[in-house]
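> Sequence plus the predicted model coming up.
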Amino acid sequence: MTQEYPYKKILITGGCGFIGSSYIKTLIENYHGFEVMNLDIMTYATSQKTLDLFEGHDNFQHSHSDISDLETVKKIFTTFSPNLVVNFAAESHVDNSIYGAAPFIKSNIIGTFNLLEASKSLIDNSNFLFHQISTDEVFGDLNADDPAFKEDDPYDPSSPYSASKASSDMLVSAWGRTYQMPYLITNCSNNFGPRQYKEKLIPKIICNTIDGIEIPVYGNGLNIRDWIFVDDHTETIIELHKKNIQSERFNIGGNNEIANIDLIKDIMKILELKYELSPKIKFVEDRQGHDQRYAINMNKTDKFLNRKTDYNFFNNLEVTVDWYMQNVNWWDE
Ligand code: NAD
């Protein structure tokens, strides 16, 4: 039995990416009473195979468009007239932003600005919401004993990527304040799961091992991240959409801090025991400006949603490894 979705006309950006595709998949499989328009320029980080998962569904439309092109964005907003905008689209890899930040400024900042400009004409529609998908990286980093990030902590981004996300979040809250645009900003920790491009840590561990290449570990491997399974992130997004939100921020995390080296060892264990592979690691020079620790305080979100989260990290890690073992060619033409 599917449930009725609280928003009828949903404009999603970056819906063929890692997290956006989890959101659309969950919508299509579990909900009815909505139409989706997906704007995605289809960068290297996504795949035609991801789009194929959705095409053919009656309530799904796709536009191969660039959110940094204002005229196109405005045209799509006028024709589709969404009452919910969920902005997943972004350049998302920190290392790429260090080598060249221009695409991050264009897609993440100009792109978000264009979506906000196009949304201005829809603010008066009843039940309009602009949802900005953001990251815990906007808060900067923490020392070992610091308390976890809270929603009202000041932004202090370290990398060109996190600075571009912080800038776009600030544009969203400014549109809320200046134009009374209802908005939701969710800051989430590191996601893992199927369809994440191979450049990111967890897919790289698995794909390098399949290809017989050593797994690079930055610095001493002791940087700490909080990890959440991608479907747990998108389920939380959906639970928030079921509430009446008028300009709010919520943290989303996995209650699951782990040092990179321990995460790598956990995955190596699955690869060795379940797939009889022989993963090998090599320590490499640390990432420039590498943040030491991220941790997310989810009390506000859990209280608002009246829930207690208890995620099954190890089971979902195995689900993720299994997916890559079966779909290692997902990005090949
Ligand atoms: P991703 O790189 O897998 O997907 C990004 C998607 O955006 C791709 O489909 C890409 O084609 C599209 N896109 C990029 N530039 C575009 C443009 N100019 N116009 C239209 N489409 C464009 O990224 P992801 O991991 O799915 O991240 C989605 C969002 O979640 C991002 O905003 C990211 O900052 C945020 N986030 C990611 C994580 C994580 O761990 N992956 C954690 C917290 C927040």
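Arrived safely, thanks for sending. Predicted model only: the values in this text are computed from it and were never measured. Numbering: from 1, shown residues only.
> hey, let's count contacts and neighbours off CA atoms from now on
Noted.
> Show the model's pLDDT score for residue 246.
If you check residue 246, the pLDDT there is 88.
> Quick check: it touching residue 182?
Yes. Using Cα atoms under 8 Å, residue 246 is in contact with residue 182, at 4.8 Å.
> Looking at these two, which is more packed in?
Neighbours per residue (other Cα atoms under 10 Å) separate residue 246 from residue 182, with residue 182 holding more: 21 against 16.
> Please give me every residue in contact with the more buried one.
Contact analysis of residue 182 by Cα atoms under 8 Å, 6 or more residues apart in numbering lists 123, 128, 129, 130, 176, 245, 246, 247.
> how much space between the residue with the largest distance to the centre of the chain and residue 210?
Largest separation from the mean C-alpha position in the chain: residue 276, at 31.4 Å (Cα atoms, centre = their mean). Separation of residue 276 from residue 210 (Cα to Cα, to the nearest Å) stands at 11 Å.
> circling back to that earlier point, tell me, what's touching residue 246 and residue 182 both at once?
Listed as contacting both residue 246 and residue 182 by Cα under 8 Å, 6+ apart are residue 129.
> Quick check: residues of this protein near the ligand?
Selection of the chain residues close to the ligand by Cα under 6 Å from any ligand atom yields 13-20, 39-43, 45-46, 65-68, 88-92, 107, 133-135, 188-191, 196.
> just the buried members of the residues you listed?
When these are checked for burial by 16 or more other Cα atoms under 10 Å, the buried set is 13-20, 39-42, 45-46, 65-68, 88-92, 107, 133-135, 188-191, 196.
> ok, so what distance separates the residue lying closest to residue 223 once chain neighbours are set aside from the ligand?
Nearest non-adjacent residue to residue 223, counting by Cα to Cα, 6 or more residues apart in numbering: residue 292, 4.8 Å away. Using Cα to the nearest ligand atom, to the nearest Å, residue 292 is found at 16 Å from the ligand.
> likewise residue 113?
Distance of residue 113 to the ligand, given as Cα to the nearest ligand atom: 11 Å.
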